[in-house]
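Trainee: build the 3D model from these lines:
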Amino acid sequence: MRRITLMFGLLLGCFIAEAHVDSTRIEFTDRENQLRVAIHLPGGIDQLPNGLSIWRVLFKVGVQEAEKGGLEKFLSEKQVGSTYRIPLPPRDTIRVEILATVEDEEDRKAFGLSIQRPEKKESSKRFFPKRDVGFYIGLNNWHGPNTLVRESELRWPQSVYVALSFRRNMDIWRSEHVAFGFSYAPEFVWYNLRFQGQTVLRENTLGEPEFELETTPLKKAKLTVPQFSLPVMFHVGIPKTKWTLSVGPYASIRLGGYTKVKYAMGGGKEKLRGDFDMRPWQTGWMAEVGRKSGIKLFIRQDNQPLFRTTGRNEKVWAVGVRF
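Mentor: Numbers count the residues shown, from 1 in each chain. Got it, this is the predicted structure:
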């Protein structure tokens with residue numbers, strides 16, 4: 001336990017030390033004191049004050065009036081190469097460095113204003129955006145190990161998968177050649193499962209699903225299953241080409257369900273809401289491949305059958321594109 005505490009303290013100390021390194025250097029000529037100075041600030045400064053002077057810059061960044069006396073004494077000595085340090089609560093320090101003395105107007109004209117800020121390293125930039133919104137559209141189908149699936153065969157490409165994703169990405173590690181990331185993405189998902197021919201889905205007296213053949217000619221019959229899904233994805237990206245590969249599991253909660261039948265003659269419609277003994281939750285796996293900020297191909301597979309009824313093993317899957 002002591003070792004863990006010590007390591008944590010060392011890491012925290014390194015973080016604090018790194019966080020308070022000088023980040024901005026302002027070099028200019030102070031006409032009032034006839035000095036060329038450099039002020040090293042631990043942070044940035046939004047806008048320089050009018051009538052540029054040492055004290056106005058320091059006052060702008062929060063130095064207290066009590067420090068003015070000691071600063072004036074330091075400047076009056078005009079020792080080239082000397083440095084005056086001013087504490088800036090809670091843990092920062094400002095440094096004022098005398099670079100040269102300025103004797104006349106020509107010297108003052110020879111020096112201009114210089115502001116230096118550290119450049120961000122290319123490797124520190126994010127490869128995966130912090131967040132993005134994605135729209136999925138693709139084709140639904142299901143499969144199972146028994147012959148009952150034949151009676152519930154779906155029509156392609158009329159069975160459509162639709163989803164809206166709100167993804168939050170986090171970079172794990174990046175080099176010049178490869179980047180690794182992690183994301184979670186709340187999604188709203190719709191399965192639109194359209195049946196073949198005269199097949200319709202109804203519930204029997206036990207609330208179990210039954211696929212029946214309708215005698216009245218049908219234009220279409222389908223089952224719609226809305227869900228709330230949460231995928232957790234791991235990403236690999238190639239910075240040079242911007243291509244990415246993503247894979248991960250997901251968990252879904254069903255938000256309802258209904259069947260819709262449209263008759264061929266007369267245009268009559270029938271809409272029936274119910275759970276049809278469908279599972280209230282699902283788990284599965286999905287994968288994506290494509291350009292980082294472009295269109296991606298995806299595939300998605302449920303782990304459990306859609307229906308809880310014994311003997312029904314229809315597992316839903318989808319393929320398509322993500323925008």
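
Trainee: please look at residue 254 and residue 282 and confirm they touch.
Mentor: Yes - the pair formed by residue 254 and residue 282 meets the contact definition of C-beta atoms under 8 Å, at 7.4 Å. Where C-beta positions appear, they are placed from N, C-alpha and C, glycine not excepted.

Trainee: mutual contacts of those two, please.
Mentor: Residues within reach of residue 254 and of residue 282 at once, by C-beta atoms under 8 Å, 6 or more residues apart in numbering, are residue 227.

Trainee: neighbour-wise, which of these two wins?
Mentor: Neighbour tally, residue 254 and residue 282, criterion other C-beta atoms under 10 Å: the higher count belongs to residue 282, 22 against 18.

Trainee: so the more buried one belongs to a strand, correct?
Mentor: Yes - assignment of residue 282 by DSSP: H, G, I helix; E, B strand; the rest coil places it within a strand.

Trainee: how far does stretch 284-302 sit from its chain's centre?
Mentor: The gap between where stretch 284-302 is centred and where its chain is centred comes out at 16 Å by C-alpha atoms, centre = their mean, to the nearest Å.

Trainee: oops, could you answer that again for stretch 264-281 instead?
Mentor: A distance of 37 Å separates the C-alpha centroid of stretch 264-281 from that of its chain, computed with C-alpha atoms, centre = their mean.

Trainee: send the alpha carbons of it over as CSV?
Mentor: Taking only C-alpha atoms (Å, rounded to 0.1, in the frame of the first residue of the first chain), the coordinates of stretch 264-281 have been written out as CSV:
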residue,chain,number,x,y,z
ALA,A,264,-53.5,-5.4,-52.0
MET,A,265,-57.2,-4.8,-52.6
GLY,A,266,-58.8,-1.7,-51.2
GLY,A,267,-55.6,-0.4,-49.6
GLY,A,268,-56.7,-1.5,-46.1
LYS,A,269,-54.2,-1.6,-43.2
GLU,A,270,-53.9,-3.5,-40.0
LYS,A,271,-51.5,-2.5,-37.2
LEU,A,272,-51.1,-4.6,-34.1
ARG,A,273,-48.9,-3.7,-31.1
GLY,A,274,-47.5,-6.4,-28.9
ASP,A,275,-44.3,-8.1,-27.7
PHE,A,276,-45.0,-11.4,-29.6
ASP,A,277,-42.9,-13.1,-26.9
MET,A,278,-39.8,-11.2,-28.1
ARG,A,279,-36.8,-10.9,-25.7
PRO,A,280,-36.7,-7.6,-23.8
TRP,A,281,-32.9,-7.4,-24.2
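
Trainee: list of residues touching it?
Mentor: If you take C-beta under 8 Å, 6+ apart as the criterion, stretch 264-281 is touched by 201-203, 207-209, 216-219, 223, 225, 251-254, 256-263, 304-309.

Trainee: and for stretch 311-323?
Mentor: Where contact means C-beta under 8 Å, 6+ apart, the residues beyond stretch 311-323 that reach it are 134-146, 148-149, 152, 161, 165, 191, 193, 209, 225, 288, 290, 295-307.
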